[in-house]
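Q: Build me a model:
(2 chains)
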Amino acid sequence: MREPAQIRILPGGKRLHLHDGPMDLIVEAYGGTECVRAAYRAAAERFVGILDELCGELELLRQEAGAGSAVPEGIVAKRMFAAVAPFAASAFITPMAAVAGAVAEEILRVMTSAAALSRAYANNGGDIALHLAPGEEFSVALVDRPDEPSLFGRATLRAEDGIRGIATSGWRGRSFSLGIADAVTILAATAAGADAAATIVANAVDLPGHPAIERVAAREIQPDTDLGEMRVTRAVGPLQQLEIEEALARGLAKADELLAAGWIGAAALHLQGETISTGIYASPEKGRFVSPGSPSGGNFLHA
Amino acid sequence: MQEADTIRCDACPVLCHIKEGRTGACDRYANRGGQLVRLDPHVVLNRAVSHGDPVVPFLEASREWDGRVVQTPETFVTAIGAGTTYPDYKPAPFIISSQVDGADMVTVVTEGIFSYCGVKVKIDTDRFLGPEQNLVRAQGEPVGHVTTSEYGSQMLSLGGVHHLTGGGKREGRVTCETLLDLCNGKPVELSIDGGASVVAQAGKPPAVNGALEERMRVGCGSATIGMFAKQWFGKVDEVVVVDDHITGVLSEHQAGKLLGIQPTGIKMKGRRSTPGRYFQVAEPGTAWGGTSITDPLSILGEWNPKIARPGLRLLMVSTTGEHYAYYELDETLRPVEKSLPESLAESVERVAENCEPALVSVLFMAGAGGSLRAGVTENPVRLTQSVRAALTRVTCGGAPVYVWPGGGITFMVDVTRMPENAFGYVPTPALVAPIEFTLRHADYAALGGHVDFIRPLDSILKDESRRAAPHGENPWPLAPAAPKAAK
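A: Next up, the predicted model:
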């Protein structure tokens, strides 16, 4: 029995909650009252059709992306396809790796087209699309283990930094991972791009063949998964300090590669209490994730 | 190709195939025993399936569960999830006013980040867990030590600033994880240098070297003789209470002598301490009275033919009453097992009845530092003074705390009286625990409180919040009695 999409204003009266099937978004717009109302109306109208639209092309979206593969038709599906394309040559990836970010971007797009907003975000289960008018900024808090949230750090994103997407991936999260990172958080120009890159970097944080890592064919857990027989991480036992560093170094190499190619702006990788970061917000000191120009001890204090 | 244990969910167009015990892509619908069930609210999903918490079968429930355990007429905002900043240079996240019996009460709610914190673990067992002062390890890392034995229990002191931040990086992380799990009521495996391995979980029986400890003994064998001598007098000629520490013998024991119980000619193996008290009758184990004994007669020698007589009645019982046997001596002075007479059954039951369930208890202990107190008042020492003067009540997730005498606000709290998953951590590493200070509005202003930041209670309740029923044994934090009348 198809459950209808749920759309409501959250208690507090400021944020919009959109829920349909596996999609769960928290949306907030900043601006004049009329503008916010128009933006929320546009978001709600657009949201209702997205899931059916995506499911119409689901089979194609679960296929490995590559040079010869067919291009989907829907606007969200096309965005997913484009987001994973840069990574398809060197790794296994399907457009599904960018679905959450692409949906967040679409909701944000209709909101900003409907009204003039100073700031807005659409947060689809941790994959976030951002809007910042010139001169505006967002303060973002990071957690290192989605199942046991603890504040890891904060970053201030300013309009001129060009970051409009944040995404997190890791084996503890809702989606499967081929790697062992507790979490990889990516800041990028788009939410779909960040989503795809987080998947790629989290997959790269790995110790192939290590006995403390339990892997299972993805199909064993979810028969419909786009990952099929690929072995996804189910548990990671305690690792030695050197092993943690080695796994993180592999992920960091991948992140630096994406950074050099201009696909992402920054990455923070977490594994068993260790953190390493790279990109525009990474300070020289390992493990810190601070915004450029902020006074030391400013808006980031943990870790 | 649909497998037998897989169902197809039709709640949305993704149409997931869901295996038994799993959820679909949404994490909201699950397959439980071949039935499609809906799990609400979203955040409790994984736990509901793996731990068997209540799930709401969809289509059957006429209305959606709103997430409350029970509806409570009054509300106390705990600090769980309040968030905090570190150092606390800003006022605590929530400073809430609510009216209690006409007096304006203020509750300052914050989540403290505690580097100076740990747990005291009381393990109800008489088994030897390890020498005093020895290290207690988790995942191979030192996380604490064995401290003094207490009556019927062994004490561990875990955590503390030296293990959290003074040792290796991994030591700090494992210590933090161990404390977090113990405080949140999860089981933790500990191994003691030169001693036992223990699985400890707050409010549950401990497992020592893999064996579950179910009951605390009523006392050692000698103490048991002392407690029950009168009840045995006249009904039986001899009683041996088998114990791995001190085994007691009624006719030789002071308590028996006082009642005029005659010698029986019994001969115990083991080392006699004082009359009627024997050490080391057997090796420690999991059978009779915490020993390795399965046949209690194996700890007796030959009866003295000059004193013993045929027909003499003997009761052997363990300190928990779990094991017992009744014998009478035959013509050759050999004990022959008989069924327990009605008149003795009651005393054996009473021994068992006096053995309480063995539990692990966990007290979280921490100190509210100057910066945390600064979130409450501009003059942190005044908060300490106010707590000392009992004008301010301290609670931890709504649970009562014991505040240590002396300087600072160092407190202890029973973690089982706090709401579920009340603790968090930061990677410093340090634990994050809720702490609330409740006092009268006038007293709050007098100690330099951040009165400009006070919000009325109903403005907090409009925000999204988790509601939980108060723990049955906790006094209501806003009950008027506790903070004494102002100066």
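
Q: Over to the nearest residue to residue B:267 once chain neighbours are set aside: give its phi and psi.
A: Beyond its immediate neighbours in the sequence, the residue positioned closest to residue B:267 (C-beta to C-beta, 6 or more residues apart in numbering or on different chains) is residue B:301, lying 3.5 Å away. C-beta here means a position set from N, CA and C on the backbone, and glycine is covered the same way. In terms of degrees, to the nearest 10, the main-chain angles of residue B:301 are phi -90, psi -160.

Q: quick one: contacts for residue B:301?
A: When contacts are counted by C-beta atoms under 8 Å, 6 or more residues apart in numbering or on different chains, residue B:301 is found next to B:267-269.

Q: Tell me how far it lies from residue A:4.
A: Applying C-beta to C-beta, to the nearest Å, one obtains 83 Å for the distance of residue B:301 from residue A:4.

Q: For the residue nearest in space to the middle of chain A, give me the pLDDT.
A: Ranked by distance to the mean C-alpha position of chain A (C-alpha atoms, centre = their mean), the top residue is residue A:167 at 1.9 Å. We note a pLDDT of 89 for residue A:167 in this prediction.

Q: pretty sure it belongs to a strand, no?
A: Yes. Assignment of residue A:167 by DSSP: H, G, I helix; E, B strand; the rest coil places it within a strand.

Q: Could you pull up the residues touching it?
A: Residues touching residue A:167, when contacts are defined by C-beta under 8 Å, 6+ apart, comprise A:100-101, A:126-128, A:185-186, A:188, A:191, A:194-195, A:197-198.

Q: ok so, going back, return a PyMOL selection command for the buried portion of the contacts of residue B:301.
A: The buried subset of the contacts of residue B:301, as determined by 16 or more other C-beta atoms under 10 Å in any protein chain shown, is captured in PyMOL by this line:
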select buried, chain B and resi 268
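
Q: pLDDT, secondary structure and neighbour count added to the contacts of residue A:167, as TSV?
A: As requested, the contacts of residue A:167 are arranged in TSV below (pLDDT from 0 to 100; DSSP: H, G, I helix; E, B strand; the rest coil; neighbours: other C-beta atoms under 10 Å in any protein chain shown):
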residue	pLDDT	secondary structure	neighbour count
A:100	94	helix	31
A:101	95	helix	33
A:126	79	coil	21
A:127	87	strand	28
A:128	90	strand	27
A:185	87	strand	30
A:186	91	strand	34
A:188	94	strand	29
A:191	96	helix	33
A:194	95	helix	36
A:195	94	helix	35
A:197	96	helix	33
A:198	94	helix	35
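
Q: As TSV, the residues you listed with distance to chain B would be great.
A: Written out in TSV, the entries for the contacts of residue A:167 read as follows (distance: C-beta to the nearest C-beta, whole Å):
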residue	distance to chain B
A:100	11
A:101	16
A:126	13
A:127	14
A:128	18
A:185	14
A:186	19
A:188	24
A:191	19
A:194	20
A:195	15
A:197	21
A:198	18
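
Q: Which residue, other than its chain neighbours, is closest to the closest residue to chain A within the stretch 151-300 of chain B?
A: As assessed by C-beta to the nearest C-beta, chain A sits closest to residue B:173 within the stretch 151-300 of chain B, at 4.1 Å. Spatial nearest neighbour of residue B:173, excluding adjacent residues (C-beta to C-beta, 6+ apart): residue A:273 at 4.1 Å.

Q: what's near enough to touch that neighbour?
A: Applying C-beta under 8 Å, 6+ apart, one finds that residue A:273 lies in contact with A:244, B:169-170, B:173, B:427, B:429.

Q: quick one, what contacts the residue of the stretch 151-300 of chain B closest to chain A?
A: Contacts of residue B:173 were listed using C-beta under 8 Å, 6+ apart, and they are A:272-273, B:427, B:429.

Q: what about residue B:421, distance to chain A?
A: To chain A, residue B:421 is 9 Å away according to C-beta to the nearest C-beta, to the nearest Å.

Q: okay, now the residue in the stretch 1-150 of chain A positioned nearest to chain B: neighbour count?
A: Going by C-beta to the nearest C-beta, chain B is nearest to residue A:21 of the stretch 1-150 of chain A, at 3.0 Å. For residue A:21, the count of nearby residues is 25 (other C-beta atoms under 10 Å in any protein chain shown).

Q: ok, and the closest non-adjacent residue to it?
A: residue B:12 (3.0 Å).

Q: ok, now residue B:275?
A: That would be residue B:252: by C-beta to C-beta, 6+ apart, it lies 4.8 Å from residue B:275.

Q: Name the SS class of the residue nearest to residue B:167 when sequence neighbours are not counted, please.
A: Closest residue to residue B:167 apart from its sequence neighbours, by C-beta to C-beta, 6+ apart: residue B:142 at 6.9 Å. Secondary structure of residue B:142, reduced to three states by three-state DSSP: strand.

Q: what's near enough to touch residue B:142?
A: Residues in contact with residue B:142, defined by C-beta under 8 Å, 6+ apart, are B:135-136, B:163, B:167, B:171.

Q: picking that back up, now secondary structure, pLDDT and distance to residue A:75 too, for the contacts of residue B:173, in TSV please.
A: TSV is the format used below for the contacts of residue B:173 (DSSP: H, G, I helix; E, B strand; the rest coil; pLDDT from 0 to 100; distance: C-beta to C-beta, whole Å):
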residue	secondary structure	pLDDT	distance to residue A:75
A:272	coil	87	40
A:273	coil	81	41
B:427	coil	72	40
B:429	coil	83	45
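
Q: for the chain, what helix or strand is lowest in average pLDDT?
A: No chain specified, so I'll use chain A. strand A:151-158 (a mean of 67; mean pLDDT, DSSP states H and E).

Q: wait, chain B
A: Lowest by mean pLDDT, DSSP H and E among the helices and strands of chain B is helix B:45-51, with a mean of 28.
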